[in-house]
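>>> Here is a sequence with its predicted model. Questions after.
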Amino acid sequence: MDIRQIEFFVAVAEELNFTRAAELTHVTQSGLSSSIRSLERELRHQLFDRSPRSVALTPAGHAFLPRARRILADSRAALRELTSQQDATGALSLGAEQCLGDVIDLPDVLAAFRTRHPGVTIQFEQQGSLAVLDRVRHGKLDAGLIAELGSTPPRDREITSFEIARDGFELLLSPEHPLASTAISWPAFEAHPFVDLPDDWTARQIIDAAFRRRRLLRRSAVTAEDVHMLLDLVRRGLGPALVPASYAAKPQAEGLIRRPVPDSDLTWLVHFVARADASPTVQPFADMLIAAETVDEARTALGGNAAREAGRNVEIG
């Protein structure tokens, strides 16, 4: 999650109008709507009731609003403190894996960062996560966003990191694929070649490891280095794809069948990483990201609120 998602949520909650909220936050309405949907997926709660003529907060949205305002206030206080000390200037070199799903809207975050820190020049590059981590470790990049296999950040005294997201996996299918209308099981996957990401992508490594643990044969029909190409190939019936849930939620996946993975032990993590002695430009950028533990706390609080709402509804009924 990132600060811009919180800004978008608060704007919509206060305006109860997506068009006006988009104008106030200087983003397209489609970008704002996509960001709100991503936030709802991360929190696992619907925040707004939408109809063609009105927008209203759900009980979860009402519960999240004060927390969102506190997060924004803390972020703005940190920004004021940094600005009062010295405006950030210089360069920020940032790397990321090619596609981080809907975990973070990097173009929007980078644009917002430049607006707040016009004295910083940004250099951005995309590589595999291991390559990004290696370039951060050797000082060729100031910071990176990397997907990881395990449940812990890199164990390196020279690297500081925090988790910003974790995601499960889903099976994507064309409506005509045989698995779309049958029971899903891991042994059933052996009969079907997959549409896959390259084997140096973290998501692919997680899937391959899951097949090895189950001692199952795994076949690829085609490998695609672009997520949108992968979705199109699945749509054309070249095979199913196992992907992080945030990939499956992309607008480009509309019309595909989404199935939960049975007995899933697949987890896709994203960490922000930087050298412990990183450039001063890194901290203002890191402050625009929200640690996964903050999201977990909000999700837990919303779950408790939902339970209380359900209890009240039962008593009233």
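Now that the structure is in, tell me what you want to look at. Residues are numbered from 1 along each chain as shown.

>>> Alpha carbons of the helix or strand where Gly144 lies, in PDB - could you do that?
Gly144 belongs to strand 143-148 when assigned by DSSP states H and E. This file holds the C-alpha atoms of strand 143-148, laid out as PDB (Å, rounded to 0.1, in the frame of the first residue of the first chain):
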ATOM      1  CA  ALA A 143      16.600   1.500  -3.400                       C
ATOM      2  CA  GLY A 144      14.400  -1.100  -4.900                       C
ATOM      3  CA  LEU A 145      11.000  -2.900  -4.700                       C
ATOM      4  CA  ILE A 146      11.600  -6.600  -4.900                       C
ATOM      5  CA  ALA A 147       9.400  -9.700  -4.800                       C
ATOM      6  CA  GLU A 148      10.600 -12.500  -2.500                       C
END
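
>>> That one packs against which elements?
Applying 3 or more Cβ pairs under 8 Å, 6 or more residues apart in numbering; DSSP states H and E, we find strand 143-148 packed against strand 90-96, helix 129-137, helix 202-213, strand 268-275, helix 282-286. For the C-beta atoms, the positions are set from N, CA and C on the backbone; glycine is no exception.

>>> Looking at those, which one is packed in the most?
Of those, the one with the most neighbours on average (mean count of other Cβ atoms under 10 Å) is strand 268-275, at a mean of 23.

>>> just checking, Ala278 touches Asp142?
Yes: if you go by Cβ atoms under 8 Å, Ala278 and Asp142 touch, sitting 5.4 Å apart.

>>> quick one: which of these two has more around it?
A side-by-side neighbour count of Ala278 and Asp142, using other Cβ atoms under 10 Å, places Asp142 first with 23 against 20.

>>> so how far does stretch 98-106 reach from one end to the other?
Using Cα to Cα, to the nearest Å, the end-to-end distance of stretch 98-106 comes to 11 Å.

>>> er, stretch 226-240 actually
16 Å.

>>> tell me the mean pLDDT for that stretch?
For stretch 226-240, mean pLDDT rounds to 94.

>>> Also stretch 106-124?
Taken as a whole, stretch 106-124 carries a mean pLDDT of 90.

>>> ranges for the helices of the stretch 101-250 of the chain?
For the stretch 101-250 of the chain, helices defined by DSSP state H, counting those that start in this stretch occupy the ranges 106-116, 129-137, 186-189, 202-213, 227-235, 245-248.

>>> want to throw the ones you listed into CSV with distance to Gly255?
Shown next, in CSV, are the helices of the stretch 101-250 of the chain (distance: least, Cβ to Cβ, whole Å):
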stretch, distance to Gly255
helix 106-116, 25
helix 129-137, 30
helix 186-189, 22
helix 202-213, 22
helix 227-235, 7
helix 245-248, 12
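
>>> returning to that earlier point: check what contacts the strand holding Gly144 and list those residues.
92-97, 100, 104, 106, 129-130, 132-133, 135-136, 154, 164, 201-203, 268-274, 278, 282, 285-286 (Cβ atoms under 8 Å, 6 or more residues apart in numbering).

>>> Next, give phi and psi for Gln46.
The phi/psi pair for Gln46 (degrees, to the nearest 10) reads phi -80, psi 130.

>>> How many residues are close by it?
Neighbours of Gln46 (other Cβ under 10 Å): 15.

>>> Model confidence score at it, please.
94.

>>> Just want to check the distance between it and Ala22.
20 Å (Cβ to Cβ, to the nearest Å).

>>> repeat for Ile206
Taken as Cβ to Cβ, the span from Ile206 to Ala22 is 35 Å.

>>> rewinding a little: who wins for proximity to Leu231 among the helices and strands packed on strand 143-148?
helix 202-213 (13.5 Å; Cβ to Cβ).

>>> Compute the inter-axis angle for the closest one and strand 268-275.
Counting by axes from the mean of the first three to the mean of the last three Cα atoms, to 10 degrees, helix 202-213 lies at 130 degrees to strand 268-275.

>>> Begin at 51 from now on, thanks
Understood, numbering begins at 51; the last thing we discussed is helix 252-263.

>>> re earlier: name the strands paired with the strand holding Gly194 and say parallel or antiparallel.
According to DSSP bridges, strand 193-198 forms sheet pairs with strand 140-146 (parallel), strand 318-325 (antiparallel).

>>> of those strands, which approaches Glu90 most closely?
Of the strands paired with strand 193-198, nearest to Glu90 by Cβ to Cβ is strand 318-325, at 18.1 Å.

>>> Restrict that closest one to CA atoms and write it as PDB.
Output in PDB follows, covering the C-alpha atoms of strand 318-325 (Å, rounded to 0.1, in the frame of the first residue of the first chain):
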ATOM      1  CA  TRP A 318       4.200 -13.700  -2.900                       C
ATOM      2  CA  LEU A 319       5.900 -10.900  -0.900                       C
ATOM      3  CA  VAL A 320       7.100  -7.500  -1.900                       C
ATOM      4  CA  HIS A 321       9.700  -5.600   0.100                       C
ATOM      5  CA  PHE A 322      11.200  -2.100  -0.100                       C
ATOM      6  CA  VAL A 323      15.000  -2.400   0.200                       C
ATOM      7  CA  ALA A 324      17.800   0.200   0.500                       C
ATOM      8  CA  ARG A 325      21.300   0.400   1.700                       C
END
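
>>> Cheers, nothing more for now.
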